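Student: okay, here's the prediction I keep looking at, along with the sequence it came from:
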Amino acid sequence: MEPAAGPERSLRRLLDAAEDASPVASLATLPTGAAVLDCVYRAGGTRLVREARERRIVAVAGEAMLLHQGARAFTLWTGKPAPIAAMRGALGGAA
């Protein structure tokens with residue numbers, strides 16, 4: 001839900017714009033065999049991930065990175081295997 005007005009709304013718009021910013025000027029400049037790994041966690045992927053997939057470039061969305069970073073942290077902190085299936089479910093199956 002977007003704030004009605006004020007600084008919160010301005011911040012939300014700024015974050016939305018930054019979320020779709022990409023350091024890659026054009027996916028056409030990527031070498032053959034390149035892959036795209038996005039750090040942004042956004043359901044459905046960012047514009048970068050969607051465009052890469054449209055071009056049949058291997059693309060990993062931020063949710064996968066979040067899942068596996070969290071799983072590794074879980075194991076380091078608890079000494080137990082991470083419940084990856086449950087964690088994936090908490091992400092809505094996006095990873």
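Tutor: Structure's in. What do you need? Numbering: from 1, shown residues only.
Student: moving C-terminal of the longest helix along the chain, what's the next helix or strand?
Tutor: Longest helix in the chain, counting residues (DSSP state H): helix 62-78. Using DSSP states H and E, the helix or strand that follows helix 62-78 towards the C-terminus is helix 84-90.
Student: low pLDDT regions in the chain?
Tutor: 1-7, 12, 14-25, 94-95 (pLDDT under 70).
Student: so which residue is smack in the middle of it?
Tutor: Geometric centre of the chain, nearest residue: Gly62, 2.0 Å, by CA atoms, centre = their mean.
Student: my guess is that one meets Asp38, correct?
Tutor: Yes - using CB atoms under 8 Å, Gly62 is in contact with Asp38, at 4.9 Å. Just so you know, the C-beta spots here come from the backbone N, C-alpha and C atoms, and that holds for glycine as well.
Student: what do those two both touch?
Tutor: Taking CB atoms under 8 Å, 6 or more residues apart in numbering as the criterion, Gly62 and Asp38 both touch Gly45, Thr46.
Student: what sits against Leu91?
Tutor: So Leu91 contacts Glu63, Leu66, Leu67 (CB under 8 Å, 6+ apart).
Student: could you pull up phi and psi at it?
Tutor: phi -90, psi 10 (degrees, to the nearest 10).
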